[in-house]
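> Make a model of this:
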Amino acid sequence: MQAIQSDFLAIDRKARARIPFVDVDLRDPQQRICDFNDVVISLDAERAMLEASRCVHCPDPAACVSACPTHNDIPSAMWLIEQGQFLEAARLYRQTSSLPEICGRVCPHEQLCQGSCVRDKRHEHVLTGALEAFVVDYERQVYGTAIPVGIPNGKKVAIVGSGPAGLSCAEQLVQKGYQVTIFEAKPAPGGLLVYGIPNFKLPKEVVSARWEDLVQAGVQFVGNTTIGKDKTIDELFAEGYEAVFVGVGSEIDAPMEVEGEDLPGVYKATEFLIRANVDLDLLPADMPTRPEIGRKVAVIGGGDTASDCLRTALRMGAEQVTCLYRRTEKEMPGGRKDRQLAREEGAQYQFLTQPVKFIANEDGCLAQIECIRMQLGEPDAKGRRRPVPIEGTNFIVEADTAILALGYWPDPVIGDTTPDLKTHKYGLIVTDPATGATSRPGVFAGGDDVTGPDLVVTAMVAGRKAAAGIDRYINN
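Model (predicted):
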């Protein structure tokens, strides 16, 4: 369904606009910090139909569709849900999205579809994300989900990385008849979805279910294999793969480069989140145990990863968890919703604060963080006001655990080991944005290893585009 049927275009928008807004239900903060389970209480059928009926069905092009990177036909989905046609709505989402059960949960909807809803002017947007998750969950539970498999064409494609870009590329290619093998450095598939996003935001069983769909469609998985170290892209071509898609993300933690950064008790965000959130039997060999944390935890950074670390530390039993950020909250890159949840759960924030030194106790472990107060100066090249130290304002923050959530860099290993593959900005891969094609014939790329850290949904869209590019390349 591409648009609402003509006899529904004259719907009573005023009546729909009078239906009151009720936000998604969340578990009580004091209850949810005791475990790593999902904090969102899923919609039921009655609530879903009522919520969908709040859509006023804007004339084309609807703002929510334009704001969605996948361009899901959200108004038509809302109409189907309102009528109780949940299966049809789920199938509509799957026409344009390879991971609707995941995007419905982790997309920053307040910045995309929901934030563009005309009803958001009064902060009464339609809960498009929760409704997307509801219908695809309903489909799986009631009818089951299967990826249609194309007639085998005898062609092999290798995918490097099993995050959202790689999974989406695979989902598209098997429908075209390709034999697909995914190579992953971690023990299990999922990439960021498993090894980066905590369970309380994205339950692992949701990712596992979608992975099982790919297995049933014939996708093969090779874990614990780092392309560029254990095997090169040239070797993949020598093994008979006619194209390679690189979707390894951008997962090298940016360093802070201050004294004491290597002290016991100071963690990089990636290691901390992996060790704290992933099942022990899925942990990488170099991270075999849970991290040890103290009573007082400081998280340094202002993005979504910082929020994930704050909330994880609270669930691990920390008594005092504080975010240290060098600008004000207005400049924080992370989502406002995640900060609100973190505050509800007990996290504190210190703004205009810059750590300058990590200080050890007599045992050689972290005990204190020396910080300095900041003020905002002139805008930088991106338009954000620069944080400027205020001399003589140094002070001490007590902390026995610190987590550095400062952003991510690409891993340059694939660029360094693949002849004729053009990279820039410390290892990001240069591609044609329309097709994912790189400077090396037969090699395609998409996701954070091309754009730098971005959204799950944009990586998913890149994987789908690259699959279409790969199909054209091989057939031509």
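
> Tally up the residues packed near the nearest residue to Pro20 once chain neighbours are set aside, please.
By the measure of C-beta to C-beta, 6 or more residues apart in numbering, the closest residue to Pro20 outside its immediate chain neighbours is Glu124, 8.0 Å from it. C-beta coordinates here come from the backbone N, C-alpha and C atoms, glycine included. Residues near Glu124, counting by other C-beta atoms under 10 Å, number 16.

> start the count at 140, not 1, going forward
OK, 140 is where the count begins now, so the last one is Glu263.

> Would you mind measuring from Glu263 to Val345?
Using C-beta to C-beta, to the nearest Å, we find Glu263 at a distance of 28 Å from Val345.

> show me the contacts for Val613.
Careful, residue 613 is Ile; it's not Val. Neighbour list for Ile613: Lys294, Val296, Glu381, Ala382 [criterion: C-beta atoms under 8 Å, 6 or more residues apart in numbering].

> okay, the residue nearest to Pro159: pLDDT?
Model confidence at Glu263, given as pLDDT, is 90.

> for Cys242, same thing?
For Cys242, the model assigns a pLDDT of 98.

> How about it: what's its closest non-neighbour residue?
Val596 (5.0 Å).

> would the one you found count as being in a helix?
Yes - judged by DSSP: H, G, I helix; E, B strand; the rest coil, Val596 forms part of a helix.

> Now do it against Ala541, distance only.
To Ala541, Val596 is 31 Å away according to C-beta to C-beta.

> and what of Arg414?
15 Å.

> okay, those two: which has more neighbours?
Applying other C-beta under 10 Å to Arg414 and Ala541 shows that Ala541 carries more neighbours, namely 27 against 19.

> coming back round to it: can I assume the residue nearest to Pro159 is in contact with Phe160?
Yes - using C-beta atoms under 8 Å, Glu263 is in contact with Phe160, at 3.8 Å.

> roughly how far apart are the residue nearest to Met471 when sequence neighbours are not counted and Asn533?
In this structure, Met471 finds its nearest non-sequential neighbour in Gly441, 3.9 Å apart by C-beta to C-beta, 6+ apart. Using C-beta to C-beta, we find Gly441 at a distance of 21 Å from Asn533.

> Between these two, which is the more surrounded one?
Legend: neighbour count by other C-beta under 10 Å for Gly441 and Asn533, higher for Gly441 (25 against 13).

> show me the contacts for the more buried one.
For Gly441, the contacting residues are Cys462, Tyr464, Arg466, Glu470, Met471, Pro472, Gly473, by C-beta under 8 Å, 6+ apart.

> same thing with Gly433?
So Gly433 contacts Gly404, Ala457, Ala538, Asp539, Thr540 (C-beta under 8 Å, 6+ apart).

> circling back: the residue nearest to Cys242 is in contact with Gly243, isn't it?
No - in this structure Val596 lies outside contact range of Gly243 using C-beta under 8 Å: 10.1 Å.

> In the stretch 190-339 of the chain, what residue spans correspond to strands?
In the stretch 190-339 of the chain, strands defined by DSSP state E, counting those that start in this stretch lie at 295-299, 318-322, listed in chain order.

> Let's have these in JSON lines, adding mean pLDDT and mean neighbour count.
Converted to JSON lines, these look like this (pLDDT from 0 to 100; neighbours: other C-beta atoms under 10 Å):
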{"stretch": "strand 295-299", "mean pLDDT": "98", "mean neighbour count": "26"}
{"stretch": "strand 318-322", "mean pLDDT": "98", "mean neighbour count": "23"}
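
> Out of these, which is closest to Gln489?
strand 295-299 (40.1 Å; C-beta to C-beta).

> so what does the closest one touch, helix or strand wise?
Applying 3 or more C-beta pairs under 8 Å, 6 or more residues apart in numbering; DSSP states H and E, one finds that strand 295-299 contacts helix 303-314, strand 318-322, strand 382-385.

> Of these, give the one that comes closest to Ala499.
helix 303-314 (39.4 Å).

> Please state the offset of the closest one from the chain centre?
Centroid separation for helix 303-314 versus its chain: 16 Å, with C-alpha atoms, centre = their mean, to the nearest Å.

> In that helix, which residues are buried?
Neighbour counts over helix 303-314 (16 or more other C-beta atoms under 10 Å) mark Pro303, Ala304, Gly305, Leu306, Ser307, Cys308, Ala309, Glu310, Gln311, Leu312, Val313, Gln314 as buried.

> Over to stretch 210-228?
Using 16+ other C-beta under 10 Å as the test for burial, stretch 210-228 gives 211-221, 224-225, 227-228.

> repeat for stretch 345-355
Of the residues in stretch 345-355, Val345, Val346, Arg349, Trp350, Asp352, Leu353 count as buried by neighbour count, 16+ other C-beta under 10 Å.
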